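**Student:** what's the 3D shape of this:
(one chain, ligands or ions: 1)
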Amino acid sequence: MLNRSDHATLPNLILAGMMGTGKSALGRQLAHRWQRAFIDTDDLVEKLGGASIADIFAQQGEEHFRALERKVIEELIPASGAIIACGGGLVVPEGMADLVKTKGVVITLFASVDTIIRRTANTSRRPLLKGDDPEVKIRELMKKREKAYMSAGIAVYTDGRTVQQLCLNIERVYEREVFRIKQDAARKLKED
Ligand code: S3P
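**Tutor:** I've put the predicted structure just below:
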């Protein structure tokens, strides 16, 4: 693992992906292992909006919620050192995936529809899944968002793998990316 004393200056690790793919659970676990701050954009949106996600959606609508998410990424997350779990739709609107990429190493988590259904039984913070048939909604959203998720970050598939295995996998991907970023920076310095 990367040197702990470096952590505050290392790029953020940003976890994107559909609801129920494990962003928050894995982000928390990694933050604990690496002793870094964990940030959930849903928490910051609620703080910024002064209301719960359910109320923001119900009273001001999804567009307002997405504007708050953009503001969180633009203004509220730290420049480095943190592990950030993004709300499931955050990277979807035009320009958001590119914006998020400027804030750290982005990994997109994927899971099968069955796994997502199982993991999203609690819909209090997920108004988009409310209603009689969450499965239909999940399938619709996945179809609409698949491209955005694929291009937002490096894909990691979570089905059938333990938290421990996934942490190691994400750790490796992150270290490889940090190494690449450092090499690119050194190369640029040489060229200048
Ligand atoms: C959303 C996902 C939720 C939350 C909101 C909208 C989405 O976050 O931001 O309900 O559009 O996919 P999680 O992915 O953490 O459940």
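**Student:** tally of neighbours for residue 94?
**Tutor:** Counted by other CB atoms under 10 Å, the residues lying close to residue 94 total 7. Using the backbone N, CA and C atoms, a C-beta is placed for each residue, glycine as well.
**Student:** Oh, that last question was meant for residue 149, not what I typed.
**Tutor:** Burial measure for residue 149: 21 neighbouring residues, criterion other CB under 10 Å.
**Student:** Apart from its chain neighbours, what residue comes closest to it?
**Tutor:** What sits nearest to residue 149 in space, not counting adjacent residues and going by CB to CB, 6 or more residues apart in numbering, is residue 108, at 4.9 Å.
**Student:** what do you get for residue 81?
**Tutor:** Nearest to residue 81 is residue 8, by CB to CB, 6+ apart, at 4.2 Å.
**Student:** Quick one: the strands in this protein, in order.
**Tutor:** Along the chain, the segments classed as strands by DSSP state E run 12-17, 37-40, 82-85, 104-110, 154-157.
**Student:** Residues of this protein that sit close to the ligand?
**Tutor:** Contact residues, the chain versus the ligand (CB under 6 Å from any ligand atom): 19, 23, 24, 42, 53, 87, 88, 89, 125, 126, 127, 128.
**Student:** Which members of those are positioned in helices?
**Tutor:** Per DSSP state H, helices hold the following members of the residues of the chain next to the ligand: 23, 24, 42, 53.
**Student:** Pull the contacting residues for the second one.
**Tutor:** Think residue 24. Residue 24 is in contact with 40, 85, counting by CB atoms under 8 Å, 6 or more residues apart in numbering.
**Student:** So residue 183 versus residue 173, what's the distance?
**Tutor:** Using CB to CB, to the nearest Å, one gets 16 Å for the distance from residue 183 to residue 173.
**Student:** Compare neighbour counts for these two and give me the winner.
**Tutor:** Ranked by neighbour count (other CB under 10 Å), residue 183 and residue 173 place residue 173 first, with 17 against 10.
**Student:** Setting aside sequence neighbours, what's the nearest residue to that one?
**Tutor:** Leaving aside its sequence neighbours, residue 173 sits nearest to residue 154 (CB to CB, 6+ apart; 5.5 Å).
**Student:** Can you give me the neighbour number for residue 190?
**Tutor:** Using other CB under 10 Å, residue 190 has 7 neighbouring residues.
**Student:** Tell me how far it lies from the ligand.
**Tutor:** As judged by CB to the nearest ligand atom, to the nearest Å, residue 190 and the ligand stand 41 Å apart.
**Student:** Likewise for residue 163?
**Tutor:** In terms of CB to the nearest ligand atom, residue 163 sits 17 Å off from the ligand.
**Student:** Next, the buried residues of stretch 37-44.
**Tutor:** Within stretch 37-44, the residues scored as buried using 16 or more other CB atoms under 10 Å are 38, 39, 40, 41, 42, 43, 44.
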